[in-house]
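Peer 1: Pasting a predicted model and its sequence here:
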Amino acid sequence: MVFKLERGSAGEERGRINVTIDRNNQGMVLRDFLRKELHVSHRMLSAIKYKGGHLRVDGTDRTVRHVLQEGEVLSVVFPPETPSGFLRGEPMPLDIVYEDDFFLVINKPAGMPSIPSSRYPSGTLANGVLAYFESKHLASTVHIVNRLDRNTSGLLLVAKNRFSHERFFKMQKRRELQRRYLAVVGGRLDDREGVIDAPIGRRAGSIIERCVDWQTGKRALTSYRVLDHFADATLIVIRLQTGRTHQIRVHFASIGHPLLGDELYGGSTARIGRQALHSFELNFIHPFTDAPMRLHACCPDDFASLLRRKPILDAI
């Protein structure tokens, strides 16, 4: 299977999959092949059929009832996507760590929201990514896979179309998209490693704050390992096993070790003005090429200044 970008009649670029039918799929109806072999959802197939996409076999448009023959070349052309009305492109510098025809990974700075909200209607990473797409004439909206809190820095994955986003969403549900973080928490964590297994829910009366909620919260799992101790803090590496809102921040506050700088959850702001949390690694198998992907982002200066030395990520 080959995925690449195709230029449309209006000059825009959109995704296309080319695949040669082999003997194992001889005689399969196109609809079944799309669903079982390419994992095209019913919703995605409807968009292809009715919103400007194409199903072509050897260059000829075909319906989903077409019976495939060995050696035929199937092309699935995805429809152009229109961004939501509330999202506007805003040119800004983007620290792009990796990019291909399927997705890009950006090292997000602290202080930048991932997506617009009533409080932050502009200046978000999504605004910048949309402007980047527009500059490349990519007919797509922004599909953020792993959203980061505004004051959390590090790696954020953005799918380039709905089909890629669906693949990554399923990977997340199967816990195949591994994320690791560096954090500095207050106090001394004596256990060299551990797992925090505590459900998280919304704190009553707040639209922002979360808490450990043993009655109605959703299960949340956070694994950690201690890297270094300081006089009044501990450097740890964290692996998320679930992805609840504010999960890391809530979990460590709940055991009496809030992140430095995390004023919302009781962390000291004396040495850093935002939560000391950096998403330094994404680790997964590429959903289209099967290539192993391990992407890193070095610590920003405000985080690194908390440490005696910058951590060597390859040694973690």
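Peer 2: Thanks, I have it.
Peer 1: Just give me how far stretch 41-48 sits from the chain centre.
Peer 2: Here the centre of stretch 41-48 is set off from its chain's centre by 22 Å, with Cα atoms, centre = their mean, to the nearest Å.
Peer 1: nope, stretch 299-306 is what I meant
Peer 2: Worked out by Cα atoms, centre = their mean, stretch 299-306 lies 23 Å from the chain centre.
Peer 1: List the buried residues of it.
Peer 2: For stretch 299-306, burial by neighbour count (16 or more other Cβ atoms under 10 Å) applies to 299, 302-303, 306. Using the backbone N, CA and C atoms, a C-beta is placed for each residue, glycine as well.
Peer 1: can you map out the strands along the stretch 1-150 of the chain?
Peer 2: With DSSP state E, counting those that start in this stretch as the definition, the stretch 1-150 of the chain shows strands at residue ranges 2-7, 13-20, 54-57, 60-61, 73-77, 96-99, 103-108, 143-144.
Peer 1: possible to save those as a markdown table with mean neighbour count?
Peer 2: Shown next, in a markdown table, are those (neighbours: other Cβ atoms under 10 Å):
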| stretch | mean neighbour count |
| --- | --- |
| strand 2-7 | 16 |
| strand 13-20 | 18 |
| strand 54-57 | 17 |
| strand 60-61 | 10 |
| strand 73-77 | 19 |
| strand 96-99 | 15 |
| strand 103-108 | 22 |
| strand 143-144 | 20 |
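Peer 1: I'd like these as JSON lines, with mean pLDDT and distance to Ile196 appended.
Peer 2: As requested, the strands of the stretch 1-150 of the chain are exported to JSON lines (pLDDT from 0 to 100; distance: least, Cβ to Cβ, whole Å):
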{"stretch": "strand 2-7", "mean pLDDT": "52", "distance to Ile196": "38"}
{"stretch": "strand 13-20", "mean pLDDT": "78", "distance to Ile196": "39"}
{"stretch": "strand 54-57", "mean pLDDT": "93", "distance to Ile196": "47"}
{"stretch": "strand 60-61", "mean pLDDT": "94", "distance to Ile196": "54"}
{"stretch": "strand 73-77", "mean pLDDT": "91", "distance to Ile196": "43"}
{"stretch": "strand 96-99", "mean pLDDT": "96", "distance to Ile196": "28"}
{"stretch": "strand 103-108", "mean pLDDT": "97", "distance to Ile196": "24"}
{"stretch": "strand 143-144", "mean pLDDT": "94", "distance to Ile196": "25"}
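Peer 1: Closest to Leu260 out of the buried residues of stretch 299-306?
Peer 2: Leu306 (6.8 Å; Cβ to Cβ).
Peer 1: is it true that the closest one touches Ala183?
Peer 2: No: look at Leu306 against Ala183 with Cβ atoms under 8 Å: they stay out of range, at 10.2 Å.
Peer 1: Now do the same contact list for the closest residue to Val64 other than its chain neighbours.
Peer 2: Distance criterion Cβ to Cβ, 6 or more residues apart in numbering; nearest residue to Val64, sequence neighbours excluded, is Arg31 at 3.8 Å. With contact taken as Cβ atoms under 8 Å, 6 or more residues apart in numbering, Arg31 is in contact with 45, 64-65.
Peer 1: and the gap between Lys51 and Met44?
Peer 2: 10 Å (Cβ to Cβ, to the nearest Å).
Peer 1: Settle it for me: which of these two has more neighbours?
Peer 2: Taking other Cβ atoms under 10 Å, Lys51 and Met44 do not tie; Met44 has more neighbours (22 against 12).
Peer 1: Could you verify my assumption that the more buried one touches Phe163?
Peer 2: Yes: counting by Cβ under 8 Å, Phe163 is a contact partner of Met44 at 5.8 Å.
Peer 1: Mind listing the shared neighbours of these two?
Peer 2: Common contact partners of Met44 and Phe163 (Cβ under 8 Å, 6+ apart): Phe78.
Peer 1: Now that we're looking at the closest residue in space to Glu281 that isn't next to it in sequence, what pLDDT does it have?
Peer 2: Excluding its sequence neighbours, the residue lying closest to Glu281 (Cβ to Cβ, 6+ apart) is Arg180, at 4.1 Å. For Arg180, the pLDDT comes out at 95.
Peer 1: contacting residues around Arg180?
Peer 2: Contacts were defined as Cβ under 8 Å, 6+ apart; by that measure Arg180 touches 237-239, 279-281, 283, 316.
Peer 1: Fine, thanks again, bye for now.
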